[in-house]
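Asks: Would you be able to build a 3D model of this:
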Amino acid sequence: MKRWLWLILFFMGVSLSGGEWPTPVERSQYARTSLYAEVVEYLYDMQKISPTLRLLSLATSTEGRTIPLVVLSQEGISQPRELAMGGRPAVLIMANIHAGEVEGKEACLTLIRDIVTGPCAGLLDRQVILIVPIFNPDGNDKLGHNRRDVGPELAGVRYNGQNLDLNRDFVKLESPELRGLAKLLREWDPVLVVDMHTTNGSLHREPVTYTTLVNPNTDAGLRDYMWQKFFPAVARTLKESYGTDSVPYGNFSDSEHPEQGWVNDSLEVRQGSNYVGMRNRFTVLDENYSYADFPTRVRTALGFIKSILEYTSRNIADMAARVRQADLETLREYSRQPFALSFTVEKLFDVTVKSYEFSKEKIAPEDRAKYPPWIGEFIMKKTDVLRDYRVPYLCRAVPVKTVSLPAGYLILPFHGEALDNLRAHGLRIERLAAPFRTEAENFKIASVILEKNIFQGHVLNRLQGGYEKGEFDFPAGSYFVGLDQPLARLVPVLLEPESEDSLAAWGFFNRVLVHQWTNQPGVYPVYRILKRPQAPLLSE
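Replies: Numbers count the residues shown, from 1 in each chain. Just a heads-up that it's a prediction; the model follows:
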């Protein structure tokens, strides 16, 4: 290991050996990443040390592995209802959702040790910390030359045991991992969720990058808090206490002309940082820099988590009050807001990206297969000349196409898979106890356009058409999903037919979107109504 890294770790009080309780990666001197069995064994060891740690199960993976959920609290609680005992809100840290991105997993194990053995025990004074260190255990153990990181040599794969990218499953909830997480979000209701990843995009020198709930349909007040208060304070702690530079997550909008901007393209609800934001909760997407060496990535990831938890330890009561206020405002007012169906990004503020000067090189014919087709014929290679770029941060999502919202949606009977999905998210659903006639809007389908390629096991649909008003009869057994609920922001995401992550887009209504044999457009089985049904409703 480079001498300078040893010196930095020494002066920051960080030990590569881990003292009496070295983690698996410390025992290997960072030669390899930990396997699932090693992670579980280490968590069992930590559980024996202190009653502050309780080890629960998040879910069982497709290949039969129990996904550990670590609960750290002063009272040693093991159930969500026990949160009220100490009056401490929960914060969730999760890592390894992409199992080849391993430093978050290793940093989480070190954090757990430092809390259990004492150095960081004070982080539990005002909060309960939930940690899922190995979210994707099936992918974790499929070791191979799967990454272009600077170590470890072998790492797991991005996908889970179903060949699904779990960070694209937050809407459709097809994986046991995400169904387990949805249950955790419903029951433990963490105020903040931190999701740890690795980025291998544009070349820069900051080891840590970050973003938050940037989808335009999330609560603006929560977004502003993260950018204006949370991240500046956390970045300052990370630099002053842990010696680590950081920058908002992004890539150069034009690799040949870096000065044009730094763009954040993580705006879809199918991704965790935005999905949790749609639930009116704070989020951090942590993207550690893949071109840093492995020990540096683990060390800086650990410093970032600790900086976050030091901030929440001081401010968790205020953050909890803000999310409750967002819940209340959503319940009362969300149906009067426009819903963005599509959007673009504009400047949020200026950032300084510590990077390099670049040279443009033509890709040799024998090397063309190494690069994806969208790269083109040239690549930009960094030189040894350091350069800092002061550029606009293109992260403010601006709606391009919007639709007004109704009081709620009526779903015709016999769409059990769609209803099960809505329930899994935690949405309130009511059932008509008697037939009902009312004025409503139905989306008249002009065409159903199928994507050319399979994505996450689906051929995505794109519906074209428009709403038509009329008087409609709804049979008993139809379902009403109102927007007068705290999770209302999720409802149009799932039920508006032109939403890019709607249940229609993911194929939940495929059997009725076109008529059998003729392939002509069918009836979209979800209707919009402007006030609650004046009919008996049965709550589920």
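
Asks: What confidence value was assigned to residue 94?
Replies: On the pLDDT scale, residue 94 is placed at 98.

Asks: again with residue 2
Replies: Among the per-residue scores, residue 2 shows a pLDDT of 39.

Asks: and what of residue 203?
Replies: At residue 203, the pLDDT value in this model is 91.

Asks: low-confidence ranges in the stretch 101-250 of the chain?
Replies: Along the stretch 101-250 of the chain, no part satisfies pLDDT under 70.

Asks: All the helices of it, residue numbers only.
Replies: Residue ranges of the helices in the stretch 101-250 of the chain, as given by DSSP state H, counting those that start in this stretch, are 103-116, 137-140, 176-188, 220-225, 231-242.

Asks: now those helices in JSON lines, with distance to residue 410 and mean neighbour count?
Replies: From N, CA and C alone the C-beta is placed, and that goes for glycine too. Listed next are the helices of the stretch 101-250 of the chain as JSON lines, based on distance: least, CB to CB, whole Å; neighbours: other CB atoms under 10 Å:
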{"stretch": "helix 103-116", "distance to residue 410": "42", "mean neighbour count": "26"}
{"stretch": "helix 137-140", "distance to residue 410": "39", "mean neighbour count": "27"}
{"stretch": "helix 176-188", "distance to residue 410": "24", "mean neighbour count": "20"}
{"stretch": "helix 220-225", "distance to residue 410": "29", "mean neighbour count": "16"}
{"stretch": "helix 231-242", "distance to residue 410": "41", "mean neighbour count": "17"}
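
Asks: all helices of the protein, in order?
Replies: In chain order, the chain shows helices spanning 3-11, 24-27, 36-49, 83-86, 103-116, 137-140, 176-188, 220-225, 231-242, 272-278, 294-333, 416-425, 490-495, 510-513, with DSSP state H as the criterion.

Asks: Please, where are all the strands along the stretch 301-450 of the chain?
Replies: 339-362, 378-403, 408-411, 430-432, 436-450 (DSSP state E, counting those that start in this stretch).

Asks: In CSV: those, plus mean neighbour count, distance to residue 487 and mean pLDDT.
Replies: Conversion of the strands of the stretch 301-450 of the chain to CSV gives the following (neighbours: other CB atoms under 10 Å; distance: least, CB to CB, whole Å; pLDDT from 0 to 100):
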stretch, mean neighbour count, distance to residue 487, mean pLDDT
strand 339-362, 15, 14, 95
strand 378-403, 15, 19, 94
strand 408-411, 23, 13, 98
strand 430-432, 18, 14, 96
strand 436-450, 15, 22, 95
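
Asks: will you turn the helices of the chain into JSON lines that also has distance to residue 255?
Replies: Below are those laid out as JSON lines (distance: least, CB to CB, whole Å):
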{"stretch": "helix 3-11", "distance to residue 255": "29"}
{"stretch": "helix 24-27", "distance to residue 255": "33"}
{"stretch": "helix 36-49", "distance to residue 255": "37"}
{"stretch": "helix 83-86", "distance to residue 255": "47"}
{"stretch": "helix 103-116", "distance to residue 255": "25"}
{"stretch": "helix 137-140", "distance to residue 255": "29"}
{"stretch": "helix 176-188", "distance to residue 255": "33"}
{"stretch": "helix 220-225", "distance to residue 255": "28"}
{"stretch": "helix 231-242", "distance to residue 255": "25"}
{"stretch": "helix 272-278", "distance to residue 255": "24"}
{"stretch": "helix 294-333", "distance to residue 255": "23"}
{"stretch": "helix 416-425", "distance to residue 255": "38"}
{"stretch": "helix 490-495", "distance to residue 255": "32"}
{"stretch": "helix 510-513", "distance to residue 255": "39"}
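
Asks: Out of those, flag the one nearest residue 128.
Replies: Ranking those by proximity to residue 128 (CB to CB) places helix 83-86 first, at 6.2 Å.

Asks: coming back round to it: show me the one of the helices of the chain that comes nearest residue 210.
Replies: Using CB to CB as the criterion, the shortest distance between residue 210 and the helices of the chain is 6.4 Å, found for helix 231-242.

Asks: Quick one: distance of that closest one to the chain centre.
Replies: Averaging C-alpha positions (CA atoms, centre = their mean, to the nearest Å) puts helix 231-242 22 Å from its chain's average.

Asks: That one - contacts with which helices or strands?
Replies: Packed against helix 231-242 by the contact rule (3 or more CB pairs under 8 Å, 6 or more residues apart in numbering; DSSP states H and E) you find strand 208-211, strand 246-248, helix 294-333.

Asks: Break the chain into its domains for me.
Replies: For the chain, the domain assignment from automatic domain parsing gives the residue ranges 34-251+270-330, 343-399, 404-539.

Asks: how far does the shortest one sit from the chain's center?
Replies: It refers to domain 343-399. Centroid displacement of domain 343-399 relative to its chain, using CA atoms, centre = their mean, is 24 Å.
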